[in-house]
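K.L.:
What shape does this take:
(chains A, B, C and D)
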Number of protein chains: 2
Amino acid sequence: MDAQQLKGHLDLLLLATLDTGPRYGGQIIADVQASTDGYFSMREGTLYPALHRLEKQGFIHGEFQTLPRGGSPVKVYTLTPTGKTELTAQREKYDRFTRAVRGVIGGPA
Amino acid sequence: MDAQQLKGHLDLLLLATLDTGPRYGGQIIADVQASTDGYFSMREGTLYPALHRLEKQGFIHGEFQTLPRGGSPVKVYTLTPTGKTELTAQREKYDRFTRAVRGVIGGPA
DNA sequence: CCGATGCCCCTCGCTTTACGATGCCCCTAT
DNA sequence: ATAGGGGCATCGTAAAGCGAGGGGCATCGG
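P.N.:
Purely as a prediction, here's the structure:
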């Protein structure tokens, strides 16, 4: 994977992932990796700052919880209503992006 | 347009644009902007360093020419055979990227 | 009982890269 | 001669993903 390729699209991926249900860090990384057949292998140094950004913007909400099977408390993130709105906006923005790229490189309109 | 959205995809756009014929800076900016209905409005500070990168990698070749209608000589860039190969590779990489994103955000596979 | 291991969360510094501003050059027009 | 415009180039800035490192808590093995 190319790191630069991900810039500007990470927030969309995170919001979309949390749209399918609350998760904590490790789960997000695993799920994204699974959903992309291993193409996106997000690192912790990428994920946590991004989550903090999104939380500061009010799009997601993090809360420490202790899992049933014990272990250290994990920080579970949930998509807020505002975040759901933002997700829709980001989907549209991504759509405009892909259309624009197709306009240049050709291929199915 | 979001600047970050373009990161990692600019080279593809430039190679694809030059694949349709040699051009100089101003033309590239105008053509990309036209092909994307104004979505990508590249700036000079973005374009020229990118062109230099691509030339240093041997993907394109720039040469000063004087246009028929006079004026200062312009630097016309041409896609090299190596660049054509690279364009194919970049198209595939972009395709993998979009497939991966769709895998996360859902939508038509 | 105690150290080792394994997750999980967080942060710092680095690198890459698009962008805005600025400047120079050459040519044309007034 | 002077002003203007198009084209090329560069410098400093900012954003963001990444790698490395560290701390906390729980479980496991000796």
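K.L.:
tell me which parts of chain A are close to DNA strand C?
P.N.:
By Cβ under 7 Å from any atom of the strand, the residues of chain A that approach DNA strand C are A:4, A:24-26, A:44-45, A:48-49, A:51-52, A:62, A:71-72, A:74-76. Yep, even glycine has a C-beta here, placed from its N, CA and C like the rest.
K.L.:
now, which of those residues lie within helices?
P.N.:
When these are checked against helices (DSSP state H), the matches are A:4, A:25-26, A:44-45, A:48-49, A:51-52.
K.L.:
Pick out the one among the residues you listed with the largest number of neighbours.
P.N.:
A:Leu51 (21 neighbours; other Cβ atoms under 10 Å in any protein chain shown).
K.L.:
Just want the most central residue of chain A.
P.N.:
A:Leu14 (1.0 Å; Cα atoms, centre = their mean).
K.L.:
who's in contact with it?
P.N.:
Residues in contact with A:Leu14 (Cβ atoms under 8 Å, 6 or more residues apart in numbering or on different chains) are A:28, A:47, A:50-51, A:54, A:60.
K.L.:
before we move on, which element is it in?
P.N.:
Assessed by DSSP states H and E, A:Leu14 sits inside helix A:10-18.
K.L.:
Establish whether that helix and DNA strand D are in contact.
P.N.:
Yes. Using Cβ under 7 Å from any atom of the strand, helix A:10-18 reaches DNA strand D at A:10-11.
K.L.:
Over to stretch A:39-49?
P.N.:
Yes. Against DNA strand D, stretch A:39-49 shows contacts by Cβ under 7 Å from any atom of the strand at A:42-46, A:49.
K.L.:
Now that stretch - C-alpha only, CSV.
P.N.:
Presented in CSV, the C-alpha positions along stretch A:39-49 are these (Å, rounded to 0.1, in the frame of the first residue of the first chain):
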residue,chain,number,x,y,z
TYR,A,39,-4.6,-3.8,1.2
PHE,A,40,-5.0,-1.2,3.9
SER,A,41,-2.9,-2.2,6.9
MET,A,42,-3.4,0.8,9.2
ARG,A,43,-0.8,1.4,11.9
GLU,A,44,-1.4,2.6,15.4
GLY,A,45,0.5,5.8,14.8
THR,A,46,-2.0,6.5,12.1
LEU,A,47,-5.2,5.3,13.8
TYR,A,48,-5.1,6.9,17.2
PRO,A,49,-4.4,10.5,16.1
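K.L.:
Fine, thanks again, bye for now.
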